[in-house]
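Q: Sequence and predicted structure, then a few things I'm wondering about:
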Amino acid sequence: MKILLCPSPELYQLYHRPEAIVVITDIFRASTTIVTAIANGAAGILPVATTEQAQAIGLANGYLMAAERQVRRCDFAHFGNDPLEYTPESVANQRIVLTTTNGTRSLRIALEAGAQRILIGSLLNLPDTLDYCHRSGAQEVLIVAAGWQGQISTEDCLYAGAFACLAREQGLGIAEGDMAVMMQDLWHEHCQTMQERMDYIKRTEHYARLVQAGHADAAEYCMTIGTHSLVVGLVDTQTGWLGKL
């Protein structure tokens, strides 16, 4: 199994492979939030591109509305993009329509380009996601780093490094291409322990945005590996609903 990294959704067309499993990752925080919500019992999540869509669809159907722009929750929404908000008491058996600055946009780009198998990649469920990809018989896994407004974000690319490192350790796959190999090496050298990961990630631009917005307490949660045993992905290519696979 070859593991590739698309470092920005702006470059997706250069990396698109029709038969690959596509893993969308937005560590700070959309993919972490989606995995948390599904793990805590949400019935499904519908990612949409705009805040207007989120509000209209939510109101018309009685869904919970989750919307974030520039790290902050939109006024009309029940939730923002903080995974710690999505408790079992709040989301169990609920359908949620979600829009975020970067993560949901990345998913829509891959879907509209024709990706058929799309997973949501979070460190929280990385081991299960890797195992799913292996069991599916996929020859290629394309990890799409959501980034920040088209620019590269370290934490999203590091997910690819973690995925490739674990795949190599288990004999399940290898990093393919310069970006994936670099992130694999970076993860191996600098991110083995939580302390190492946090020391490294605190130097990044997106961590600074979280601090400024008052969400720094979510960072360690987002950088934790293997706490949730589930796989989250696209369950309906026509409507775009996400759920547990």
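A: Structure received. Numbering: from 1, shown residues only.

Q: switch to C-alpha atoms for all contacts and neighbour counts from now on
A: Fine.

Q: Just name whatever secondary elements the helix ranked longest in the chain is in contact with.
A: Using DSSP state H to assign secondary structure, the helix with the most residues in the chain is helix 154-169. Where contact means 3 or more CA pairs under 8 Å, 6 or more residues apart in numbering; DSSP states H and E, helix 154-169 is packed against strand 2-6, helix 126-135, strand 140-145, strand 174-175, helix 178-190.

Q: That one vs strand 2-6, what angle?
A: Helix 154-169 and strand 2-6 are oriented at 170 degrees to each other (axes from the mean of the first three to the mean of the last three CA atoms, to 10 degrees).

Q: For helix 154-169, buried residues please.
A: With burial defined by 16 or more other CA atoms under 10 Å, the residues of helix 154-169 counted as buried are 154-167.

Q: cool, stretch 13-31 as well?
A: 16-17, 20-31.

Q: how about the CA coordinates for that stretch, as CSV?
A: The C-alpha trace of stretch 13-31 is given here as CSV (Å, rounded to 0.1, in the frame of the first residue of the first chain):
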residue,chain,number,x,y,z
GLN,A,13,-6.3,17.7,-9.1
LEU,A,14,-2.5,17.0,-9.3
TYR,A,15,-2.8,14.1,-6.9
HIS,A,16,-6.3,12.7,-7.6
ARG,A,17,-6.3,8.9,-8.2
PRO,A,18,-9.7,7.4,-9.0
GLU,A,19,-9.1,4.1,-7.2
ALA,A,20,-7.3,5.5,-4.1
ILE,A,21,-8.8,5.8,-0.7
VAL,A,22,-8.8,9.5,0.1
VAL,A,23,-8.2,10.5,3.8
ILE,A,24,-9.2,14.1,4.6
THR,A,25,-7.4,15.5,7.6
ASP,A,26,-7.8,18.8,9.4
ILE,A,27,-6.3,18.1,12.8
PHE,A,28,-7.0,21.6,14.2
ARG,A,29,-9.9,20.8,14.2
ALA,A,30,-12.6,19.7,11.7
SER,A,31,-11.5,16.0,11.3
